[in-house]
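Q: Just to be clear, the model below is a prediction. Sequence and coordinates:
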Amino acid sequence: MDLGTLSLWQNIGLFALAGVVILFTGTWLAGLADRFADRTGIGEAMAGSVFLGMVTSLPGLTTSITAALDGRPSLAISNALGGIAVQTAFLGLADISYPRINLEHAVASVQNIMQIVLLAIL
C-alpha cells in the first residue's frame, strides 16, 4: 500500500488506528512480562528491561536500520534519540498521573540501579 496516494485524513486515521493497536498490545505485553517474571523468578526489573525493552525497541531498530540503508543517516540517528526522549517523557507523565507513589522510589532495587548504571555507561 502506497500511503502517498491516500488523503491526509486517511493517513491520520491509519496513524490513530496504529496508535490504538499499540496501546492495547503494549498493555497486553506488560501483563505478559509480569507473568513471565513471576513464573521464571527473574524479577520484574529484569523482565521489563530485557523482554519489554527488546520487544518495544524492534520498530525503532527497524526504522533506524532501514533509514541508514536508504542513505538517510540523520533520520536514523534522530529516530533513536527521539525514541529515548519520548520514553523519558512518558515516564514523567506516568509519574505525574499516578500521584499516590513516587515511581522512582517504588521501583528502587539493586537490579534497577545496576541497569541505570549500565545505561549511563552505554
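A: Cool, the structure landed.
Q: Skip ahead from the worst-scoring helix or strand of the chain on mean pLDDT and say which helix or strand is next.
A: Least confident element among the helices and strands of the chain, by mean pLDDT, DSSP states H and E: helix 103-106 (a mean of 67). For helix 103-106, the succeeding helix or strand toward the C-terminus, using DSSP states H and E, is helix 110-121.
Q: What lies in contact with that next one?
A: Identification of contacts with helix 110-121 by CB atoms under 8 Å, 6 or more residues apart in numbering yields Gly43, Ala45, Met46, Ser49. Every residue, glycine included, has its C-beta placed from N, CA and C.
Q: hang on, the second one packs against Ser109?
A: Yes. Using CB atoms under 8 Å, Ala45 is in contact with Ser109, at 5.8 Å.
Q: Hmm, Val55 is touching Ala30, no?
A: No. Taking CB under 8 Å as the definition, Val55 is not a contact partner of Ala30, at 10.3 Å.
Q: Now the common contact residues for the two.
A: By CB under 8 Å, 6+ apart, no residue touches both Val55 and Ala30.
Q: just to revisit the earlier point, so between Ala45 and Ser109, which is more surrounded?
A: Between Ala45 and Ser109, counted using other CB atoms under 10 Å, the more crowded position is Ala45 (17 against 12).
Q: secondary structure element for that one?
A: helix 44-46.
Q: Nice, that's everything, thank you.
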